[in-house]
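Enquirer: After the sequence you'll find the predicted model.
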Amino acid sequence: MSRTKRYLLFVSLSLLALMLLASILVGPRFVSMVGVMASVSCSQVFGGHQPWETFLARDLKALRELEPLLTIEQSPQQRSVTGYLLGVPAVNAVYHEGYGCVSEGSPADEMEKYISLTSSGGMPLEDATGQFPRLNRFIEAEFARNGDQADNRINHRSFIALYRGRLIAEHYASPFDAKTRFASQSMAKSVNALLWAAADMRGLVDLDGPVAAPEWQPGDPRQSITNRHLLDMVSGFEFDENYEFDPFGQFFDMVLSGDLAHFAAGLELQYPPGEHWYYSTADANLSGRTLGLKLAEHDYTVHRFSDEALLGRIAADPVELQVDDAGSFWAGSAVHMTSLDWARLGQLILDGGVYRGERLLPEDFLTEMGEPLPQSNGWYKSSMWLNYSLRYGEDRQLAPGLPEETISFSGFQGQKVQVIPSLELVLVRFGRTEGPGSGAVYKQFIADAYALALEEAESTRDASTAAAMRPEAKAPAPNHGRAVSSVDAAL
């Protein structure tokens, strides 16, 4: 054999070895990646009632860049989505009513299918949109410019406003409507916290008790982490909350693992529990599994408890709490509800946790929820975003001009429920935001809607009362070139 042939053979064998090594190291991650895409797509389409073509075209645009390496197909008859790797079926995600979609053959796929109990029909919402004409004209114009069908970097899908429990604005961008169950993204963290509070009030769990993590052996310093630590995001875990696409990043490691809470329980401590605040989806996922384990001691599932004690009581439509492949509540980012039902949940907070004369949430928890953790610089408490950052020398306002006492459920790409006690107002926004500066644009939309709602609300009540309730306007502090972080993405 000539030297040239030996060289070519060596190169060929080396490339083959590298390809084999890459397939061993990267192949399973691609399978996991296509599995997550299939599961999310399945949940949005069959659980969220979103048209398949719309989801592919608008929410999974990044998938086009991966074709033909990764592709997905739906089966309406089976209510499933199959993910393909190089044209070969890799994962099949199957829809289960109430639980969302999980990988076929996973432990969660064997769970008893959840059937929602009969709901109370939801809080009746009096239509008062006619009393707020300027607000509704403004929203109509905004949706015409930046509704989802515009397919630009700001894409509104739904906007709801309640004033004193009355519906003063309701708008959707086609094909979304009142029956669409919108994905929460990180607003699920706030739902998880309210479920914990409701269960603690009933003596089923202990907010200040230790986290249930069978992975931790006796003497493990992580055993000092409490359930409240997880809700407040002061676990002390070493974790990188980075949403930039990185298949080898820590955040994606957790998502691709299929058992999100188990991954979180394996994190090491970077700080003593309770001392350092860091926004972490890992904390929420571990909290969701712990809630399920503690409720199971009283013969409850998270879903049954939610239906009987909280969300099923106030919602007009069935609510879906997504689980991961291990069967644990995906508390970090996966609750599906209609916009109107998200508004009803905000109204429940305004009403002090009382619904139709019955207390569903503890008053002390709701009061403390509005008092920010000092470690968070005024931004956070009990899995809720707060608006006190200017007092701490920061400028991370929920939206320009919103009062300090505003409480916010916040999710990636601008999913928002803003609860404003001083005006008895709830604002709900769903949509997508993409690209630099897009967050500031949708925040300004919320700010302008708030200002119009305030102005027209004042015209409907006694002027002296309105003046007493008007929050002081605060000028936003300059940015000074601060880099955008995962906290900004969440806000």
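Expert: Great, that's in hand.

Enquirer: looking at it, G411 is touching S184, isn't it?
Expert: Yes: counting by CB atoms under 8 Å, G411 does reach S184; the two are 5.5 Å apart. To be clear about C-beta, it is placed using only N, CA and C from the backbone, and glycine gets the same treatment.

Enquirer: ok, the two, which is more surrounded?
Expert: Ranked by neighbour count (other CB atoms under 10 Å), G411 and S184 place S184 first, with 27 against 22.

Enquirer: about what we covered before: overlap in contacts of G411 and S184?
Expert: S333 (CB atoms under 8 Å, 6 or more residues apart in numbering).

Enquirer: And the contacts of stretch 263-272?
Expert: 213, 215-216, 221-222, 224, 236-239, 253-254, 257, 276, 282-283, 285-286.

Enquirer: in it, what's buried?
Expert: F263, A264, A265, G266, L267 (16 or more other CB atoms under 10 Å).

Enquirer: Ok, stretch 83-93 next?
Expert: Buried residues in stretch 83-93 (16+ other CB under 10 Å): G83, Y84, L85, A90, V91, N92, A93.

Enquirer: Need these in JSON lines (columns: secondary structure, distance to P133 and pLDDT).
Expert: Converted to JSON lines, the buried residues of stretch 83-93 look like this (DSSP: H, G, I helix; E, B strand; the rest coil; distance: CB to CB, whole Å; pLDDT from 0 to 100):
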{"residue": "G83", "secondary structure": "strand", "distance to P133": "48", "pLDDT": "90"}
{"residue": "Y84", "secondary structure": "strand", "distance to P133": "51", "pLDDT": "90"}
{"residue": "L85", "secondary structure": "strand", "distance to P133": "54", "pLDDT": "86"}
{"residue": "A90", "secondary structure": "strand", "distance to P133": "53", "pLDDT": "88"}
{"residue": "V91", "secondary structure": "strand", "distance to P133": "50", "pLDDT": "90"}
{"residue": "N92", "secondary structure": "strand", "distance to P133": "50", "pLDDT": "93"}
{"residue": "A93", "secondary structure": "strand", "distance to P133": "45", "pLDDT": "93"}
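
Enquirer: which pair in those spans the largest distance?
Expert: Greatest spacing in the buried residues of stretch 83-93, by CB to CB: L85 and A93 (14.0 Å).

Enquirer: Okay, now the unreliable bits of the stretch 151-300 of the chain?
Expert: Within the stretch 151-300 of the chain, the ranges that satisfy pLDDT under 70 run 151-153, 245-248.

Enquirer: Now do the strands in it.
Expert: Under the criterion DSSP state E, counting those that start in this stretch, the stretch 151-300 of the chain contains strands at 154-163, 166-172, 182-183.

Enquirer: Now do the longest one: which elements does it pack against?
Expert: In this structure, strand 154-163 makes packing contacts with helix 133-146, strand 166-172, helix 339-350, strand 425-433, helix 438-458, judged by 3 or more CB pairs under 8 Å, 6 or more residues apart in numbering; DSSP states H and E.

Enquirer: quick one, it and helix 133-146 angle?
Expert: 160 degrees (axes from the mean of the first three to the mean of the last three CA atoms, to 10 degrees).

Enquirer: for the second one, same thing?
Expert: Angle between the axes of strand 166-172 and helix 133-146 is 20 degrees (criterion: the same axes, to 10 degrees).

Enquirer: what angle sits between strand 166-172 and strand 425-433?
Expert: Using the same axes, to 10 degrees: strand 166-172 against strand 425-433 is 10 degrees.

Enquirer: Using CSV, write out every CA atom in strand 166-172.
Expert: C-alpha atoms of strand 166-172 as CSV (Å, rounded to 0.1, in the frame of the first residue of the first chain):
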residue,chain,number,x,y,z
ARG,A,166,-65.6,44.0,35.8
LEU,A,167,-64.3,43.3,32.3
ILE,A,168,-63.2,46.6,30.7
ALA,A,169,-61.1,45.2,27.8
GLU,A,170,-60.8,41.9,26.0
HIS,A,171,-58.9,41.5,22.8
TYR,A,172,-57.3,38.6,20.8
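
Enquirer: Name the residues of that strand that come out as buried.
Expert: Of all the residues in strand 166-172, those buried under the rule 16+ other CB under 10 Å are R166, L167, I168, A169, E170, H171, Y172.

Enquirer: Pick the one among those closest to E368.
Expert: The nearest member of the buried residues of strand 166-172 to E368, counting by CB to CB, is R166 at 28.4 Å.

Enquirer: Contact partners for the closest one?
Expert: Going by CB under 8 Å, 6+ apart, R166 touches L125, E126, D127, A128.

Enquirer: again with Q250
Expert: Q250 neighbours (CB under 8 Å, 6+ apart): F239, D240, N242.

Enquirer: Setting aside sequence neighbours, what's the nearest residue to C42?
Expert: Counting by CB to CB, 6 or more residues apart in numbering, C42 lies nearest to C101, which is 3.5 Å off, once chain neighbours are set aside.

Enquirer: Quick check: the one you found touching Y95?
Expert: Yes: shown here, C101 and Y95 form a contact pair, counting by CB under 8 Å, at 4.9 Å.

Enquirer: who's more crowded, the two?
Expert: Each of C101 and Y95 has its neighbours counted (other CB under 10 Å); C101 has more, 28 against 22.

Enquirer: So that one, which state does it fall into?
Expert: strand (DSSP: H, G, I helix; E, B strand; the rest coil).

Enquirer: so how many other residues sit close to the residue nearest to I225 when sequence neighbours are not counted?
Expert: Once flanking residues are discounted, I225 sits nearest to P273: 4.5 Å by CB to CB, 6+ apart. Neighbourhood size, P273 [other CB under 10 Å]: 19.

Enquirer: So P273 versus W216, what's the distance?
Expert: Going from P273 to W216 by CB to CB, to the nearest Å gives 12 Å.

Enquirer: what residues are shared contacts of C101 and Y95?
Expert: Common neighbours of C101 and Y95 (CB under 8 Å, 6+ apart) are C42, S43, F46, G47, S80.

Enquirer: Could you dump these into TSV and include secondary structure, distance to G35 and pLDDT?
Expert: Putting the shared contacts of C101 and Y95 into TSV (three-state DSSP; distance: CB to CB, whole Å; pLDDT from 0 to 100) gives the following:
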residue	secondary structure	distance to G35	pLDDT
C42	helix	10	93
S43	helix	13	92
F46	helix	16	93
G47	helix	17	91
S80	strand	12	95
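
Enquirer: for these, which one is nearest R359?
Expert: Nearest member of the shared contacts of C101 and Y95 to R359, counting by CB to CB, is G47, at 30.0 Å.

Enquirer: how near is that closest one to C101?
Expert: G47 is 7 Å from C101, by CB to CB.

Enquirer: Residues that sit against both of the two, list them.
Expert: Residues touching both G47 and C101 (CB under 8 Å, 6+ apart): Y95, Q322.

Enquirer: What count of nearby residues applies to the nearest residue to R202 once chain neighbours are set aside?
Expert: Distances taken as CB to CB, 6+ apart put A309 closest to R202, at 7.0 Å, once the chain neighbours are dropped. Using other CB under 10 Å, the number of residues around A309 comes to 18.
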